[in-house]
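S.K.: next comes the sequence, and after it the predicted model I'd like to discuss.
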Amino acid sequence: MARSNIATLEAANAALIVDGNLDAVGDYFTTDYVAHVTGRDISGGHDVVKRIIREYRRAFSEIEIDIEILVKAKNRIAWQRTLTALHTGAFKGFPATRRPIVWRDMVATEFRDGLIAEDWVITDLAEKLLLARKQ
């Protein structure tokens, strides 16, 4: 029996971001995956997913994720991901603060053949990193 899109989404976050199992990317994402993030498209399929997750895992440790499904349709899900982590490494020009950080991503995900094909993401991570640096 095929897993639901919600189950795929939850399992992908747990396996890839929390556990760091990058070998599992093909279990969750299409080979032509595209991320749409703040006015730019990041294409590259599995390689882009791995690169993004490596960046997060180098900068943040002890990552926990809470997922809230907002709206679901046949091949799309709108959802919020709340991430809690320790900021232990530099991230996009922000030096490590060694402090706990909590940020939220608002995501719309499109599925194709049971796999994540595209994500549209809005995040407040930069704002939270600025605040953590000022504390």
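M.R.: Thanks, I have the structure now.
S.K.: which one is residue 5 nearest to, not counting chain neighbours?
M.R.: With CB to CB, 6 or more residues apart in numbering as the criterion, residue 5 has its nearest non-adjacent residue at 4.8 Å, and that residue is residue 111. The way it works is simple: take the backbone N, C-alpha and C, and place the C-beta from them, glycine included.
S.K.: pairing partners for the strand or helix carrying that neighbour, with directions?
M.R.: In this structure, residue 111 is located in strand 100-112 according to DSSP states H and E. When pairs are called by DSSP bridges, strand 100-112 turns out to pair with strand 76-87 (antiparallel), strand 115-123 (antiparallel).
S.K.: between the ones you listed, which gets nearest to residue 28?
M.R.: Go through those one by one with CB to CB and the one that ends up closest to residue 28 is strand 115-123, at 5.7 Å.
S.K.: what about the closest one, average pLDDT?
M.R.: The average pLDDT within strand 115-123 is 97.
S.K.: so which residues of this structure form strands?
M.R.: 29-37, 40-43, 60-72, 76-87, 100-112, 115-123 (DSSP state E).
S.K.: those strands: lowest mean pLDDT?
M.R.: Of all the strands of the chain, strand 40-43 carries the lowest average pLDDT, namely a mean of 93.
S.K.: show residues contacting that strand.
M.R.: Applying CB atoms under 8 Å, 6 or more residues apart in numbering, the external contacts of strand 40-43 come out as 32-36, 48, 52.
S.K.: I'd like to know how far the residue nearest to residue 5 sits from residue 98.
M.R.: From residue 111 over to residue 98 the distance is 38 Å, taken as CB to CB, to the nearest Å.
S.K.: more neighbours: these two, which one.
M.R.: More neighbours sit around residue 111 than around the other of residue 111 and residue 98, counting by other CB atoms under 10 Å; the figures are 19 against 10.
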